[in-house]
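Asks: below are the sequence and a predicted model; questions follow.
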Amino acid sequence: MNMIVDGWFSEISDMWPGRALSIKIREKLLDIQSPFQHIVLYETENCGKMLVLDDIIQFTEDDEFAYQEMLAHLPMFCHPNPERVLVIGGGDGGVLRELSLHECVKHIDICEIDQAVVDVCRKYVPSLSCGFDDPRVNVHIGDGIEFIGRCTDCYDVIIVDSSDPVGPGIKLFEDPFYRAMRKAIHSDGIIATQGESFFMHSDVVCDLMRIARNNFPITAYSYMMVPTYPGGTLGVCLGSMRYSLSEPCRKPTAAMQAKLRYYTSDIHRASMVLPAFGARLLEA
Ligand code: SPM
C-alpha cells in the first residue's frame, strides 16, 4: 500500500516494515490498472517523473541514472565483445538507453511482460524510453521466464531489470531461472540481475548470491547509491562463466564517459568492495 498525505507520497511495504520513503508530489499524471499491475505516474516536486508499480517506486527521473548505468555497464564492460544482449523486464527503456551506448552491440532483445509499462513510458518519459529508438532493439512482450526457457547459447550478456521479489516476480529470484539464464548465455557469457539491498533485505541478497554461486563459476555483488529506493542503496548480482567481474576488461571511450553520470571504471571496482557487515553476510 501507499499513502498520500498533504501531497507527500509514502512508499509503504511489508518488505521494509516500520519505514517509509516519502516524495513530495506535484501532480498525478496517470493511474491505470493493466492486466498485470497497478501503474501510477507522478510528477514530483523535486525528482522529476516517478513511476510506481503496485505501490512500489520503480524510478524517479532525478536519480534513475545510477541504477540503469550500473545494471547495464557492469556486465557490459566485463565482456570483451558483447554483441548479443537480452534484457528481461526493463519496460521503461532505461537499460536499453545505456546499452545503446555500446557500439560493439549488434542485437538487443528485450522481453517485458507488461505492454502498458512500455506504452506509458514511451508516451510520458522519453528520457528513459528513448532506449527503444535504437534500431538494434527487438521488443518482445511476454513472460521473461518462458522467453528465456526457449533460448540456448544465444546471448553474451543477460540483464534482468526486475521489480521486487513479490508475487509472480519472485520466480526471477529463484534457482530455475538462474539455470535457464546459464543455458541461454554463450559459454563465456555474463548475467546481471537486480540485487536488492543488503541493508534492507539481507535474506534476499544471501539467497540470491547462493543461487548465483550454484550456477556460475564467477560471481560478484555490487551496490550503488539511489536516494529514492528505500535504504538509499540497491545491489546488482553478477554471474560470469569466464571473465573477471571485479576488474572490467574494457572501459568507456572519452565520448561515452562524457555521457555517463555514475559509471566509471573506478566506480565499477569500488562498488564491489562491501562494508564489513555486507562482506560477512555474503561470505556466510
Ligand atoms: N528500470 C527501472 C526499474 C526498476 N527496477 C528495480 C526496482 C526496485 C524497486 N524496489 C527497490 C527496493 C529496495 N530494496
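Replies: Happy to help now that I have it. In this text, all values refer to a predicted model and were calculated from it rather than measured experimentally.
Asks: put the alpha carbons of stretch 222-234 into PDB.
Replies: Output of stretch 222-234 as PDB, limited to C-alpha atoms (Å, rounded to 0.1, in the frame of the first residue of the first chain):
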ATOM      1  CA  SER A 222      27.900  -4.700  -6.500                       C
ATOM      2  CA  TYR A 223      25.900  -1.900  -4.900                       C
ATOM      3  CA  MET A 224      25.100   1.700  -5.800                       C
ATOM      4  CA  MET A 225      23.600   4.700  -4.200                       C
ATOM      5  CA  VAL A 226      20.000   5.500  -5.300                       C
ATOM      6  CA  PRO A 227      18.300   8.000  -2.900                       C
ATOM      7  CA  THR A 228      14.700   7.200  -4.000                       C
ATOM      8  CA  TYR A 229      15.000   3.500  -3.200                       C
ATOM      9  CA  PRO A 230      14.300   2.600   0.400                       C
ATOM     10  CA  GLY A 231      17.600   2.500   2.300                       C
ATOM     11  CA  GLY A 232      19.300   4.600  -0.400                       C
ATOM     12  CA  THR A 233      21.200   1.700  -2.000                       C
ATOM     13  CA  LEU A 234      20.400  -1.100  -4.500                       C
END
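Asks: how about it: buried residues?
Replies: By neighbour count on 16 or more other C-beta atoms under 10 Å, the buried set for stretch 222-234 is 222, 223, 224, 226, 228, 229, 230, 233, 234. Quick note: C-beta positions are derived from backbone N, CA and C, even for glycine.
Asks: residues in contact with the closest residue to the last one other than its chain neighbours?
Replies: Of all residues not flanking residue 234 in the chain, residue 226 sits nearest, at 5.1 Å (C-beta to C-beta, 6 or more residues apart in numbering). With C-beta atoms under 8 Å, 6 or more residues apart in numbering as the criterion, the residues that contact residue 226 are 63, 66, 67, 232, 233, 234.
Asks: contacting the ligand as well, which ones from the buried residues of stretch 222-234?
Replies: Of the residues in the buried residues of stretch 222-234, proximity to the ligand by C-beta under 6 Å from any ligand atom holds for 229, 230, 234.
Asks: I figured the last one hits residue 224, correct?
Replies: Right, the one you point to is residue 234. Yes - judged on C-beta atoms under 8 Å, residue 234 makes contact with residue 224 at a distance of 6.1 Å.
Asks: list phi and psi for residue 118.
Replies: phi -60, psi -50 (degrees, to the nearest 10).
Asks: give me the number of residues near it?
Replies: Residue 118 has 19 neighbours, counted by other C-beta atoms under 10 Å.
Asks: tell me the residues of this protein that contact the ligand?
Replies: So the chain meets the ligand at 56, 58-59, 68, 90, 92, 94, 161, 163-164, 194, 196-197, 200-201, 229-231, 234 (C-beta under 6 Å from any ligand atom).
Asks: state the mean pLDDT of stretch 48-61.
Replies: Computed over stretch 48-61, the mean pLDDT rounds to 97.
Asks: stretch 22-36 now?
Replies: pLDDT averaged over stretch 22-36 gives 97.
Asks: contacting residues around it?
Replies: 4, 7-11, 38-47, 49-50, 57, 60, 113-117, 120, 124, 228.
Asks: now those residues: which count as buried?
Replies: So, by 16+ other C-beta under 10 Å, the buried ones in the contacts of stretch 22-36 are 9, 11, 39-42, 44, 47, 49-50, 57, 60, 113-114, 116-117, 120, 124, 228.
Asks: restricted to strands, list these.
Replies: Judged by DSSP state E, those include 9, 11, 39, 40, 41, 42, 44, 49, 50, 57, 60 as members of strands.
Asks: got the contact list for the second one?
Replies: Read that as residue 11. Each residue near residue 11 by C-beta under 8 Å, 6+ apart is listed here: 2, 20, 21, 22, 23, 52, 55, 56, 57, 230.
Asks: partner residues bridging the third one?
Replies: Which is residue 21. Judged by DSSP bridges, the bridge partners of residue 21 are residue 11.
Asks: is it true that it touches residue 197?
Replies: No - the criterion here is C-beta under 8 Å, and residue 21 misses it with residue 197 at 11.9 Å.
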